[in-house]
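Visitor: model this:
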Amino acid sequence: MLHPSGLITLLTDFGERDWFVASMKGVILTINPQATIVDLNHQIPSHAIEEGAYVLKSCYRYFPEGTIHLAVVDPGVGSRRRPLIVKSSRYFFVAPDNGLLTHIFAQEQDVEVREIENKQYYLESEGRTFDGRDLFAPAAAWLTRRHAFSSYGQVCGEYSAFPIAVPRWEQMALVGEVEYVDRFGNLITNLTTEHVKEVQEVAKRLHPLIRIAGHLIDGLVGSYAEGEADSPHALINSDGQLEIFFKQARASTRLKIGAHEAVTLS
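Guide: The predicted structure follows:
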């Protein structure tokens, strides 16, 4: 049976300029001074739920079982959107019900979702503008104290999730899209190693052709150090996804594109 550990990760769009993240940590440590807090990311663009969901998806599974992942990208703070606490076969998650856990629901097994209804897990506050501090942080902290998961509230049969784009075949080509732009300007797509193998079998070509924003890339390289500096290149990154880059330059800037741009593999 899965038990929560004393480890809580934090992902927010709060940045580091204000007191928001520090306040959440203070609440957690007041409830459990022995808790361990790890910052995943506080630089998610304001209200960028899909980007926050992608960052969470990309790193949550590298933590020990029983880790509590606390994520707050919450443009609906103070509204009727529900606060959720989630248990899977490996982890716990605390987040608003706004799609932030979309990839978790898609990837994790034996998921149980509950609404945080028990006022025992709320801090009293004059306003409703800081649920990260007043609701989500205490809920996660009390979980590290082994409060029963069922005590938080009723099971939710439905919860919010946004559509996850899946590559599709168009004639002899597989069309995907840019899923995320990292801080180096690299374009991470939803095409994977398996998609490359599929195209190789269909096209009977060892080196796949990649088309993006009017540019043609012939085959894959093995690292960022390879290729010419004045043209885009593609590789399979350490997460098994097709990534487009410029050598020591920002592909997003050079190509003037971002997330959801079409990428064709043939």
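
Visitor: quick check: beta-bridge partners of the closest residue to Gly222 other than its chain neighbours?
Guide: Spatially, and ignoring its direct neighbours in sequence, Gly222 is nearest to Leu235 (6.4 Å; CB to CB, 6 or more residues apart in numbering). Heads up, the C-betas are built off the backbone N, CA and C, glycines and all. Per DSSP bridges, the residues bridged to Leu235 are Glu243.

Visitor: and the gap between Leu235 and Ser223?
Guide: In this view, Leu235 and Ser223 are 7 Å apart by CB to CB, to the nearest Å.

Visitor: more neighbours: which of the two?
Guide: Leu235 (18 against 10; other CB atoms under 10 Å).

Visitor: surely that one is in contact with Val221?
Guide: Yes - at 5.2 Å, Leu235 and Val221 qualify as touching, with contact defined as CB atoms under 8 Å.

Visitor: okay, the residue nearest to Gly222: pLDDT?
Guide: Leu235 is assigned a predicted lDDT (pLDDT) of 97.

Visitor: and Ile37, helix, strand or coil?
Guide: With DSSP: H, G, I helix; E, B strand; the rest coil as the basis, Ile37 sits in strand.

Visitor: hang on, it packs against Val27?
Guide: No - in this structure Ile37 lies outside contact range of Val27 using CB under 8 Å: 10.8 Å.

Visitor: now do the SS call for Glu228.
Guide: Quick answer, by three-state DSSP: Glu228 is coil.

Visitor: what's around Pro64, how many residues?
Guide: Count around Pro64 with other CB under 10 Å applied: 9.

Visitor: what's the answer for Gly26, then?
Guide: 13.

Visitor: which residue ranges of the protein form strands?
Guide: 7-12, 36-41, 68-72, 83-87, 92-96, 112-115, 168-170, 173-181, 187-192, 209-212, 215-218, 233-236, 241-245, 262-265 (DSSP state E).

Visitor: how about those, which one is nearest Cys59?
Guide: strand 36-41 (6.2 Å; CB to CB).

Visitor: what helices or strands is the closest one leaning on?
Guide: strand 7-12, helix 20-31, helix 49-59 (3 or more CB pairs under 8 Å, 6 or more residues apart in numbering; DSSP states H and E).

Visitor: dump these to a markdown table, plus mean pLDDT and distance to Pro96.
Guide: Formatted as a markdown table, these follow (pLDDT from 0 to 100; distance: least, CB to CB, whole Å):
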| stretch | mean pLDDT | distance to Pro96 |
| --- | --- | --- |
| strand 7-12 | 98 | 11 |
| helix 20-31 | 98 | 14 |
| helix 49-59 | 98 | 9 |
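
Visitor: so which of the ones you listed is the most surrounded?
Guide: strand 7-12 (a mean of 22; mean count of other CB atoms under 10 Å).

Visitor: next, the angle from it to strand 68-72.
Guide: Strand 7-12 runs at 20 degrees relative to strand 68-72, counting by axes from the mean of the first three to the mean of the last three CA atoms, to 10 degrees.

Visitor: before we move on, back to that, now the strands of the chain in JSON lines, with distance to Asp18?
Guide: As requested, the strands of the chain are exported to JSON lines (distance: least, CB to CB, whole Å):
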{"stretch": "strand 7-12", "distance to Asp18": "11"}
{"stretch": "strand 36-41", "distance to Asp18": "15"}
{"stretch": "strand 68-72", "distance to Asp18": "13"}
{"stretch": "strand 83-87", "distance to Asp18": "21"}
{"stretch": "strand 92-96", "distance to Asp18": "19"}
{"stretch": "strand 112-115", "distance to Asp18": "28"}
{"stretch": "strand 168-170", "distance to Asp18": "42"}
{"stretch": "strand 173-181", "distance to Asp18": "25"}
{"stretch": "strand 187-192", "distance to Asp18": "29"}
{"stretch": "strand 209-212", "distance to Asp18": "37"}
{"stretch": "strand 215-218", "distance to Asp18": "40"}
{"stretch": "strand 233-236", "distance to Asp18": "38"}
{"stretch": "strand 241-245", "distance to Asp18": "33"}
{"stretch": "strand 262-265", "distance to Asp18": "37"}
